[in-house]
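> Structure for the following, please:
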Amino acid sequence: MVEREYVEKVMRTWNPHIPDHDIDSTYRYMQSDFQRRVEGSLKSKMEEYEAAGIPPGPLVEQLEGAFIEKAVLDNVIQYHLGEYLEEIEKRRRGLNRDYYAHLWTIQDPDGWKKTPWEIDINPELFAAVRQTFPEEESPFHVFTAARIEREMYASEDMPEVDVAFLKEIHQAVSDWEAAGSPLEKLSFSHLTVDPPKARR
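Presented below is the predicted three-dimensional model:
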């Protein structure tokens, strides 16, 4: 039997921000697939007994059913969750850490506010943001680029950089500074973040 709790645990380990409806959908598909395979395999197995001239009794059918259910469950889990389990194992071995950090952050609607440095920001986009807002400091550039990357991921459209957008960016920077987060957190392997300007 497919357990929803297990399905959720695997999917949320892979991506903590995965929507509930995605989990429910996967669980329903797995449950339906499991039942279909078990019924088909058990029917075939009973037909083999009949063909061999050995009418199977209830005990035999129950025993064969238990073996079949275990094998089918393993196959269904591998079929529907195998990719998740494989990637989780890679992460446990320290592989693709940057990719997963980027994926989790950009899938979270508020990820760009919480850990913008985890998003894989396009260097050309970052340069364009700096050129567009030369009067602003680096934290503003980083949060703006991260916010744009999130919007383009979610809707595939460039967000409108209006008054509300800029207010949201300034608020995110203020919250980050108020939390006392170090400037080094806003560093990227391919981006240069300038030290803050002296405040008057």
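
> rest of the way, CA atoms for contacts and neighbours
Noted.

> in the chain, which helix or strand is least confident?
helix 97-107 (a mean of 79; mean pLDDT, DSSP states H and E).

> Flag every buried residue along it.
When burial is assessed from 16 or more other Cα atoms under 10 Å, helix 97-107 yields the following buried residues: Tyr100, Ala101, His102, Leu103, Trp104, Thr105, Ile106, Gln107.

> And it, how far out from the chain middle?
From the chain centre to the centre of helix 97-107 is a distance of 8 Å (Cα atoms, centre = their mean, to the nearest Å).

> Endpoint to endpoint, stretch 126-145 covers what distance?
Stretch 126-145 stretches 6 Å from its first residue to its last (Cα to Cα, to the nearest Å).

> any idea where the helices of this protein begin and end?
Taking DSSP state H as the test, the helices found in the chain are 4-14, 20-51, 58-92, 97-107, 111-114, 123-132, 138-155, 163-178.

> what residues does the fifth one touch?
Right, helix 111-114. Residues from elsewhere that reach helix 111-114, judged by Cα atoms under 8 Å, 6 or more residues apart in numbering: Trp104, Thr105, Ile106, Ile119, Phe143, Ala146, Arg147, Arg150, Ala172.

> closest to Glu160 among those?
Set against Glu160, the nearest of the contacts of helix 111-114 by Cα to Cα is Arg147 (11.1 Å).

> Report how many residues lie close to the closest one.
Other residues within reach of Arg147, judged by other Cα atoms under 10 Å, total 25.

> Also Ile54?
Residue crowding around Ile54 was assessed by other Cα under 10 Å; the count is 11.

> what pLDDT does it get?
Here, the pLDDT recorded for Ile54 equals 83.
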